[in-house]
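[1] Sharing a model that was predicted from the sequence below.
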Amino acid sequence: MPELPEVETVARSVDARVRGSRILQVWFGSHHELFKNPPSRQATGLEGSVILAVHRSGKHVVFELGPSATPSPATPHAQWIVHLGMTGQLLVKAPDAPVVRHTHARLTLTGGFELRFVDPRRFGRLEFRNLTRAQCFVPPGAEPLEIAPQPFAALFRGRRLAIKAALLNQSLLAGVGNIYADESLFRAGIRPTRRAGRLTHAELERLRLALRDVLGHAIRLGGSSVSDYVDANGDPGSFQVEHCVYQRTGQPCRRCGTLIRRILIAGRGTHFCPRCQR
DNA sequence: CATTTCACCTGGTGGC
DNA sequence: TGCCACCAGGTGAAAT
């Protein structure tokens, strides 16, 4: 489900519902592979904390936690970091709402709400970080909405792998996944098989701007709901109706009518227009 | 080191 | 209806 626009939408919708709430009680399921540190320790850290804010970093949802909401130098003392994997959902529900299959976490909050983490495939990850003597969470890759032309070009210099594979590498750019790699390469007119280090300055700048435009447009439409992605309120996004190539194999290109092709790059389905993308 | 492949999971779809 | 192959928004370990 979740690439940058979907994670941004989830973080914003969770923030709007839970900011300022205190976590009263935490329940975790028994699938321990979801937990980057022990669930008992995470629960101990979460219980009693106040959610100061919720935001996105790369593909991670970051909860900023504090001991209380009111004191103005509200410096966070801990973070709870949620990665949604392929099928993860963060939902805000009434405590008596039916608990669906594959619910792995329930956080009881003040104000009569519950935050739930649901993830059928269990590729998601939950991590608690105490910040009293430590480092806050920063993903290794650059933010594609903020990076300037020179550092963007430098990411790909000398690399022999396909540009599509490079875009999926989270330690280069954080937040781009399969949908938005394909859509951005289409808008930039670049074939996904091109070697990253072989792109011209002009092509790299087209790609940087295409990423910015596509991701920004997708955020405004609440992300792409291909199968089961929804925000904290259970609402789907609508950017999927704007897709030009992703999962449009065999359908006519919206720009030139040529049939969209699907190939494999780095083991991922890759969609492109053989005429518009050189 | 850079790059590729594969395993990790459940569930939906389409062919037979 | 059932069975099977294949596909899916991601990542990190192992292999090359």
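    Perfect, I can see it now.
[2] Need the pLDDT of the residue most central in space within chain A.
    Residue closest to the average C-alpha location in chain A (C-alpha atoms, centre = their mean): A:Lys59, at 3.1 Å. Here, the pLDDT recorded for A:Lys59 equals 98.
[3] residues contacting it?
    Going by C-beta atoms under 8 Å, 6 or more residues apart in numbering, A:Lys59 touches A:Pro2, A:Glu3, A:Leu4, A:Val7, A:His83, A:Leu84, A:Pro139, A:Gln170, A:Ala174, A:Gly175, A:Gly177. C-beta here means a position set from N, CA and C on the backbone, and glycine is covered the same way.
[4] ok, and which of those reach DNA strand C?
    When contact is defined as C-beta under 7 Å from any atom of the strand, the contacts of A:Lys59 meet DNA strand C at A:Pro2, A:Glu3, A:His83, A:Gln170, A:Gly177.
[5] A:Gln79 sits in which helix or strand?
    A:Gln79 belongs to strand A:78-83 when assigned by DSSP states H and E.
[6] Report the inter-axis angle for the helix or strand that contains A:Arg12 versus strand A:78-83.
    Taking DSSP H and E as the definition, one finds A:Arg12 inside helix A:4-18. Helix A:4-18 runs at 140 degrees relative to strand A:78-83, counting by axes from the mean of the first three to the mean of the last three C-alpha atoms, to 10 degrees.
[7] For the stretch 1-150 of chain A, which segments count as helices?
    In the stretch 1-150 of chain A, the helices defined using DSSP state H, counting those that start in this stretch lie at A:4-18, A:39-46, A:149-156.
[8] looking at those, which is closest to A:Val226?
    Ranking the helices of the stretch 1-150 of chain A by distance to A:Val226, with C-beta to C-beta as the measure, places helix A:4-18 first at 9.8 Å.
[9] Could you pick out the residues of the stretch 151-278 of chain A near DNA strand B for me?
    Neighbours of DNA strand B within the stretch 151-278 of chain A, by C-beta under 7 Å from any atom of the strand: A:Arg159, A:Arg160, A:Leu161, A:Ala162, A:Ala165, A:Gly197, A:Ser227, A:Ala266, A:Gly267.
[10] hang on, the earlier thing: and DNA strand B, is the strand holding A:Gln79 touching that?
    No. Strand A:78-83 does not reach DNA strand B (C-beta under 7 Å from any atom of the strand); its nearest approach is 12.5 Å.
[11] For A:Leu204, which non-adjacent residue is spatially closest?
    For A:Leu204, ignoring the flanking residues on the chain, the nearest one in space by C-beta to C-beta, 6 or more residues apart in numbering is A:Ala153 at 4.7 Å.
[12] So which residues of chain A form strands?
    Counting by DSSP state E, chain A has strands at residues A:23-28, A:50-57, A:60-66, A:78-83, A:89-93, A:103-109, A:113-118, A:125-130, A:261-265, A:268-272.
[13] ok, now which ones touch A:Ile263?
    Counting by C-beta under 8 Å, 6+ apart, A:Ile263 has contacts A:Pro192, A:Thr193, A:Thr270, A:Phe272.
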